[in-house]
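Enquirer: build the 3D model from these lines:
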Amino acid sequence: MEKEEEEVLLNDNGKPSILPKILIGAGIGVVILIMVLVGVFVIGNGKKVVILPPEIVVFKASPSIINKGAQSTLTWKTENAAEVIIEPIGKEFKLSGSNKVRPNKTTTYTLMARNKEGKKVTRKVTVKVSPGIRPGGFPRKAFELEVPQRKVLEVPRKIP
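Expert: Reported below is the predicted structural model:
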């Protein structure tokens, strides 16, 4: 009796991949090309495991324009990632989530997602910081205007 080889395609989270559904009906050349691109590994029990490249599904800042001193929320969702780092914050975050930021100046944030194989992808968002509003609701420029001084001229009166 011949033993059949069983193929199991998993993403980095250990969940079955939808890749077999895509490959149904594809020619052998297409299958081999996809296997080379995503990386196919044979594990000890003879099962093939495909480690999919990481993907950044969402990375956004809301709001993307803030007044100085205000905050924005960075929100992200990744797939097939083992590690997520956001610069210039410089620390590791959950694979999906959000983080509040309060930049003093316009700042570009870079999310880097890496899978267990070391493949990585990046995406950037920018939070623009405007000068803001001063107390009383006047823009800063209003306080910088110079008001010219008035000169009073006295005209002597002649009494008839």
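Enquirer: who's residue 50 bridged to?
Expert: Note on residue 50: beta-bridge partners by DSSP bridges are residue 40.
Enquirer: same check on the one 5 residues further on?
Expert: Residue 55 forms beta bridges with residue 79, as assigned by DSSP bridges.
Enquirer: what residues are up against it?
Expert: Applying Cβ atoms under 8 Å, 6 or more residues apart in numbering, we find residue 55 in contact with 78-81, 113, 121. Any C-beta I mention is one placed from the backbone N, CA and C, and that applies to glycine too.
Enquirer: look up how far residue 120 lies from it.
Expert: Going from residue 55 to residue 120 by Cβ to Cβ, to the nearest Å gives 11 Å.
Enquirer: neighbours of residue 81, how many?
Expert: Neighbours of residue 81 under the rule other Cβ atoms under 10 Å: 27.
Enquirer: show me what contacts it?
Expert: 12, 54-55, 95, 113-115.
Enquirer: look up phi and psi at it.
Expert: phi -100, psi 150 (degrees, to the nearest 10).
Enquirer: roughly how far does it sit from residue 92?
Expert: From residue 81 across to residue 92, the span is 11 Å (Cβ to Cβ).
Enquirer: just residue 105 next, same as before
Expert: Taking Cβ to Cβ as the measure, residue 105 falls 25 Å from residue 92.
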